[in-house]
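Undergrad: turn this into a model:
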Amino acid sequence: MARGRGNGVAKPKTPAQPKGQPAKPKVAATPAKSAAKARKPEIEPPDLKAALPYFLVRIAVFVVLTMVLIAVGVNVIWSLLFGMAAAAVVTYPIARIQKRVSRRQGDTPAAAKPDKAAKPAKPAKPGK
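TA: From the prediction side, this is the model:
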């Protein structure tokens with residue numbers, strides 16, 4: 001059973017055109033709003049210098065764990081594998097801090113950072 005109104009005969013959406021005439025091409029107008037939109041600000045990459053100390057701590061934990069496993073007598077390949085897994089688990093909170101610090105340092109606008117070329121003028125000494 002057909003739903004809806006009518007007698008169940010499908011009606012064409014557009015009126016039928018004579019066979020001899022070509023179909024008119026549809027031209028889509030560009031909305032003025034999209035052209036007037038302001039461009040999104042470019043995303044600044046995270047500041048890797050701020051994350052460097054945290055990264056070095058994580059690498060140090062990995063190296064220490066791997067060396068302890070090798071000293072105990074575990075195979076080198078297994079020591080590397082277990083060292084990576086254990087360092088990832090142990091330093092997970094440090095990784096979160098590292099990401100947060102790098103994002104915070106990367107989000108600061110360049111205008112807020114002092115320019116090295118423009119130095120403040122030295123005040124004149126009285127008496128000279």
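
Undergrad: residue 50 reaches residue 101, doesn't it?
TA: Yes: using Cβ atoms under 8 Å, residue 50 makes contact with residue 101 at a distance of 4.9 Å. C-betas here are computed from N, CA, C, even on glycine.

Undergrad: in three-state terms, how would residue 42 be classified?
TA: At residue 42 the chain is in coil, as set by DSSP: H, G, I helix; E, B strand; the rest coil.

Undergrad: spit out the contact partners of residue 62.
TA: Contact partners of residue 62, counting by Cβ atoms under 8 Å, 6 or more residues apart in numbering, are 83, 84, 87.

Undergrad: again but with residue 69, I slipped
TA: 78, 79, 82, 83.

Undergrad: now do the last one against residue 95, distance only.
TA: This points to residue 83. Separation of residue 83 from residue 95 (Cβ to Cβ, to the nearest Å): 16 Å.

Undergrad: check the third one too.
TA: According to Cβ to Cβ, residue 82 and residue 95 sit 18 Å apart.

Undergrad: with the first one instead?
TA: Residue 78 sits 24 Å away from residue 95, taking Cβ to Cβ as the criterion.

Undergrad: so between the two, which is more surrounded?
TA: Shown here are residue 78 and residue 95; by other Cβ atoms under 10 Å, residue 95 has more neighbours (14 against 11).

Undergrad: looking at it, that one is touching residue 58, isn't it?
TA: Yes: counting by Cβ under 8 Å, residue 58 is a contact partner of residue 95 at 6.8 Å.

Undergrad: now do the helices in this structure.
TA: Counting by DSSP state H, residue ranges of the helices within the chain are 32-36, 48-72, 76-90, 92-107.

Undergrad: in a markdown table: the ones you listed, plus mean pLDDT and distance to residue 42.
TA: As requested, the helices of the chain are arranged in a markdown table below (pLDDT from 0 to 100; distance: least, Cβ to Cβ, whole Å):
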| stretch | mean pLDDT | distance to residue 42 |
| --- | --- | --- |
| helix 32-36 | 54 | 19 |
| helix 48-72 | 90 | 17 |
| helix 76-90 | 93 | 32 |
| helix 92-107 | 81 | 12 |
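
Undergrad: having no further points to raise, I will conclude here.
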